[in-house]
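1. Compute the structure for the input listed below.
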Amino acid sequence: GKGRRHTGHEGRSMTTRNLGHACIALALAASLGAAPAAAQEAGCRSVLAGTYLTTILTGKGGYASRSIVTIHGDGTLSAVDSRQYHGVMGSAFSAQQGSYRCTGAAAASARTLNFGFPKRASIARSDWTISKDAATGALSGTITLTVYPGVKGVDPFATKGGKRIDTFRFTAAPVGPPAK
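-> This is a model prediction of the structure:
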């Protein structure tokens, strides 16, 4: 009759049932959209994965250091630097450990952390941009270094409290296996 809602299975109104179908359709569409994004991320990771010998220059173009950077296919990154023993701001520092996310087919942004050793204990955060040249296999990009004094209770992800040292530029050649 007039003003009555038609009911479907198990006494649910057509509106409720249609809403349920719409939610299922949206969930399916979202999962299908996630598949290409996951494939792109996996593709980028396989393109970037490898070990590289870097040359790092200061923001003004002067020599800073060399490092060995390993970009792992699981989204993690590690680096050792020729300047670790000499240090930054009078403090030797540890190797860097961190992770990255793809920003393109052969590009990523990364974040690594390392510790400065006493006399000036600290935590340093390096924010990286990384691009790979398809023709040469070489990397290039930037590293913005921010040092946070102290270790206990220090938040290296904070926007305040750290001292921005520089934005360095780097180039990197792949380290390949020995020839047969």
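2. Residues touching stretch 144-152, excluding its own?
-> 88-89, 115-116, 120-128, 154-156, 158, 161-168 (CB atoms under 8 Å, 6 or more residues apart in numbering). C-beta here means a position set from N, CA and C on the backbone, and glycine is covered the same way.
3. mind listing what residue 86 touches?
-> Residue 86 touches residue 92, counting by CB under 8 Å, 6+ apart.
4. Which pLDDT value belongs to it?
-> At residue 86, the predicted lDDT confidence score is 77.
5. Centre-most residue in this structure?
-> residue 100 (1.8 Å; CA atoms, centre = their mean).
6. Quick check: bridge partners of that residue?
-> Here residue 100 sits in beta bridges with residue 110, going by DSSP bridges.
7. the helices in the chain, which residues?
-> 14-48 (DSSP state H).
8. Which ones among the contacts of stretch 144-152 map onto strands?
-> If you go by DSSP state E, the contacts of stretch 144-152 have 115-116, 122-128, 163-168 in strands.
9. of all those, which two lie farthest apart?
-> Distance extremes for those: the farthest pair is 115 and 167 at 21.3 Å, using CB to CB.
10. So these two - more neighbours on which side?
-> The residue with more neighbours, out of residue 115 and residue 167, is residue 115; 16 against 13, by other CB atoms under 10 Å.
11. On the pLDDT front, check the more buried one for me.
-> So residue 115 comes in at 93 (pLDDT).
12. Give the closest residue to it in space, chain neighbours not counted.
-> The shortest distance from residue 115 to any non-neighbouring residue, by CB to CB, 6 or more residues apart in numbering, is to residue 94 (4.6 Å).
13. ok, how many other residues are close to the one you found?
-> 15.
14. Over to residue 119?
-> By other CB under 10 Å, neighbour count at residue 119 equals 9.
15. on that earlier part again, list buried members of the ones in strands among the contacts of stretch 144-152 by neighbour count.
-> 115, 116, 122, 123, 124, 125, 126, 128, 165, 166, 168 (16 or more other CB atoms under 10 Å).
16. measure the fourth one to residue 51 for me?
-> Distance from residue 123 to residue 51, counting by CB to CB, to the nearest Å: 25 Å.
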